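In: pasting a predicted model and its sequence here:
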Amino acid sequence: MTMEAYEYEDGSISYPGHPRGPGGTEPVDTIDLSEYTGKVVTWTTSTATPPGVREPNTLAIVEFDVEGETVRALGQVTTDDVETGDEVEPVHVEELREPGAGIREPESQDWDGYRFQPV
Amino acid sequence: MERVAIIGASMTQFGQREGEWVLDLLAEAGLECLEDSGVDASDVDHLYVSNMASGEFEGQTGIPNALAHDIDAMPAYTQRVDQTSSSGGAGIYAAWQSVASGASDMTMLVGGEKMTHRTTGEATDVIASLTHPAEYKHGVTLPSFAGLTARHYLERFDAPRDSLAKVAVKNHKNGVDNPNAQFQKEIDEETALESPIVADPLRLYDFCPITDGSAALMLCPESVAEEYTDDYVVISGIDGATDTHVVHEREDPTVMGGVVESGRGAYEMSGYGPDDIDVAELHDMFTILEFLQMEGLGFAEQGEAWELVEDGYTERDTGELPINTSGGLKSKGHPLGASGVAQGVEIYEQLMGEAGPRQVDADVGLCCNVGGFGNCVITTIMEAAR
């Protein structure tokens, strides 16, 4: 499993990837963010969660530094004990929420992914 | 190009409309708007319906045609406008385009949503379905985006938590004088600050409720407006813009690019600037959004909107720039597709001098309708015709 970000022709990186990057250029490579640690930019603990989602659900926006280029990702946190500025690492989870419990067609996307764990 | 006028407006009671469904609500607002404007249904050339998710909420699709039949507006051209929470503003833009282009001499816009028959979790999930798969699988909701952004804003700009509560207190106070508001009840800061946490650091009173309701506007060329009335409002500027679908990919989490860009376009078209606006309806789905829109629209410098709110700058009766005289989404309620239209209804009534106890002294008004978490935004500037 990888936490796949795209690197584009102009050197910019995005997570998730898109057919065109923030500078309008095409992707040229992928980067596995699970090999990096990042810093928590902000976080929240959501108590009103939709069907099939853990409650409470602590989420964070994390910024990674990939050889001088920054890229952010949003994801669940493994604990409710997190602070802005904490260093975290992505850890793989088989099922982030229960497929089919919510409105989205279960087959339309994958449901595994990475939670952020304080280092 | 001839200016586009608004000659009538209506809005249903917002709240929990038990036993009434989206078609009932749309017909109620539509018929009231026809009556308010003095327009016969058979004279409506285009009929637009702003709605985000009647299929998902209720299993009812095809609502523009259903509405045309229910109010006997056939053979009017009909179209549904969906831009999530900004469907109403996008409907104003579509209706404006239909008239400004010459395609229609009389366009009625009706926005509406039926939501309260769903549980909070189900309704939250319907709305969260607008998110990217990479966001959705983490259980991200629109309120959680608000919590993430509010924390960043408060920490970065050293803003006190109380300043967000002041937005809720102000908008609830304004809602008391709006008979169509879902909540007509004042709250104090203590109540807001001690209410249950929904998305830390935000609490229950930082969020708008789930709402049923509908609102409508009648638009036509100014030359046609003069056949119906001496008093009307014109749309002086309007523009829409998008920002990233994936919210965390924005360069600055406290800047909503869609607000900035649509505001810039609306100001440019109207010839007005932030200092010319006398009253504004901003999309306070969450209290933090009122700060971000004030800053994106140039009413405040970045990171300083909270100071203006603390100083009373946005109060209805004493402030320099009254914001959300209607009570805002916070107290009036947020029936998704209706909300942007209802913002237009409030500004129309303010400019016509018909806002009753909510009336402020205003010649030029602005509304900003936000879809997603700033993903799509429409800014509209209106002025009294005479």
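Out: Yes, it's here.
In: CA only for contacts and neighbour counts going forward, please
Out: OK.
In: residues of the host helix or strand of B:Glu226 that come out buried?
Out: Per DSSP states H and E, B:Glu226 falls inside helix B:222-228. Within helix B:222-228, the residues scored as buried using 16 or more other C-alpha atoms under 10 Å in any protein chain shown are B:222, B:225.
In: now residue 28. Nearest residue, chain neighbours left out?
Out: No chain was given, so I picked chain A. Computed as C-alpha to C-alpha, 6 or more residues apart in numbering or on different chains, the closest residue to A:Val28 that is not its neighbour in sequence is A:Tyr8, at 5.3 Å.
In: think we crossed wires, I meant chain B
Out: Residue nearest to B:Glu28 in three dimensions, not counting chain neighbours: B:Thr12, with 6.9 Å by C-alpha to C-alpha, 6+ apart.
In: and the closest residue to B:Asp105 other than its chain neighbours, what helix or strand is that in?
Out: Among residues not flanking B:Asp105 along the chain, B:Cys220 sits closest, at 5.4 Å (C-alpha to C-alpha, 6+ apart). Here B:Cys220, judged by DSSP H and E, is contained in strand B:213-221.
In: which elements pack onto that strand?
Out: Contacts defined by 3 or more C-alpha pairs under 8 Å, 6 or more residues apart in numbering or on different chains; DSSP states H and E place strand B:213-221 against strand B:4-11, helix B:22-37, helix B:87-100, strand B:107-113, helix B:336-352.
In: so which bits of chain A are right by chain B?
Out: Residues of chain A lying near chain B by C-alpha under 8 Å from any C-alpha of the partner chain: A:14-16, A:41-51, A:53-54, A:57, A:59-61, A:71-76, A:96-97, A:102-104, A:109-112.
In: just the buried ones from those?
Out: A:14-16, A:41-51, A:53-54, A:57, A:59-61, A:71-76, A:96-97, A:102-104, A:111-112.
In: quick one: mean pLDDT for stretch B:109-127?
Out: Averaged over stretch B:109-127, pLDDT sits at 97.
In: any buried residues in it, and which?
Out: Of the residues in stretch B:109-127, B:109-117, B:120-127 count as buried by neighbour count, 16+ other C-alpha under 10 Å.
In: out of those, which touch chain A?
Out: Among these, the residues within reach of chain A (C-alpha under 8 Å from any C-alpha) are B:120-122, B:124-126.
In: so B:Ser339 makes contact with B:Gly111?
Out: Yes. Counting by C-alpha atoms under 8 Å, B:Gly111 is a contact partner of B:Ser339 at 7.5 Å.
In: most tightly packed of the helices and strands packed on strand B:213-221?
Out: strand B:107-113 (a mean of 32; mean count of other C-alpha atoms under 10 Å in any protein chain shown).
In: note down every partner strand of that one and its orientation.
Out: Here strand B:107-113 has these sheet partners by DSSP bridges: strand B:46-50 (parallel), strand B:213-221 (antiparallel).
In: can I get those strands in a markdown table with mean neighbour count, distance to B:Arg264 and mean pLDDT?
Out: Formatted as a markdown table, these follow (neighbours: other C-alpha atoms under 10 Å in any protein chain shown; distance: least, C-alpha to C-alpha, whole Å; pLDDT from 0 to 100):
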| stretch | mean neighbour count | distance to B:Arg264 | mean pLDDT |
| --- | --- | --- | --- |
| strand B:46-50 | 29 | 24 | 98 |
| strand B:213-221 | 31 | 23 | 98 |
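In: make CSV from those and add distance to B:Val198 to it.
Out: Shown next, in CSV, are those (distance: least, C-alpha to C-alpha, whole Å):
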stretch, distance to B:Val198
strand B:46-50, 28
strand B:213-221, 24
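In: among these, which is nearest B:Pro179?
Out: In terms of C-alpha to C-alpha, the element of these nearest to B:Pro179 is strand B:213-221, at 13.2 Å.
In: now the angle from that closest one to strand B:4-11?
Out: Computed with axes from the mean of the first three to the mean of the last three C-alpha atoms, to 10 degrees, the direction of strand B:213-221 lies at 160 degrees from that of strand B:4-11.
In: and strand B:213-221, how far out from the chain middle?
Out: Put simply, strand B:213-221 sits 13 Å off its chain's centre (C-alpha atoms, centre = their mean, to the nearest Å).
In: contacting residues around the residue nearest to A:Glu7 when sequence neighbours are not counted?
Out: Leaving aside its chain neighbours, A:Glu7 sits nearest to A:Ile13 (4.4 Å; criterion: C-alpha to C-alpha, 6+ apart). Shown in contact with A:Ile13 (C-alpha atoms under 8 Å, 6 or more residues apart in numbering or on different chains): A:5-7, A:21, A:69-71.
In: got the buried residues for stretch B:196-211?
Out: B:197-211.
In: end to end, how far does it reach?
Out: 20 Å (C-alpha to C-alpha, to the nearest Å).
In: and B:Asp70, how far from B:Gln60?
Out: Counting by C-alpha to C-alpha, the gap from B:Asp70 to B:Gln60 is 15 Å.
In: got it, and B:Trp96?
Out: For B:Trp96 relative to B:Gln60 (C-alpha to C-alpha), the value is 27 Å.
In: list the contacts for residue 11?
Out: No chain was given, so I picked chain A. Contacts of A:Gly11 by C-alpha under 8 Å, 6+ apart are A:Glu69.
In: the intended chain is chain B.
Out: By C-alpha under 8 Å, 6+ apart, B:Met11 lies in contact with B:29, B:32, B:180, B:213-216, B:342, B:345.
In: cool, and A:Asp65?
Out: Residues in contact with A:Asp65 (C-alpha under 8 Å, 6+ apart) are A:38, A:71.
In: again, only this time at 7 Å
Out: By C-alpha atoms under 7 Å, 6 or more residues apart in numbering or on different chains, the contact set of A:Asp65 is A:Val71.
In: now it: phi and psi?
Out: The phi/psi pair for A:Asp65 (degrees, to the nearest 10) reads phi -110, psi 110.
In: mind checking pLDDT for the spatially closest residue to A:Glu105 that is not a sequence neighbour?
Out: Leaving aside its chain neighbours, A:Glu105 sits nearest to A:Pro99 (8.0 Å; criterion: C-alpha to C-alpha, 6+ apart). On pLDDT, A:Pro99 comes in at 97.
In: for B:Ala384, same thing?
Out: 96.
In: and the gap between it and B:Val4?
Out: In terms of C-alpha to C-alpha, B:Ala384 sits 12 Å off from B:Val4.
In: list residues touching both of the two?
Out: Residues touching both B:Ala384 and B:Val4 (C-alpha under 7 Å, 6+ apart) are B:Val234.
In: which ones among the buried ones among the residues of chain A next to chain B are found in strands?
Out: Using DSSP state E, the subset of these located in strands is A:14, A:41-46, A:57, A:59-61, A:71-76.
In: next, B:Tyr267: secondary structure please.
Out: Counting by DSSP: H, G, I helix; E, B strand; the rest coil, the backbone at B:Tyr267 sits in helix.
In: no more questions from me, cheers.
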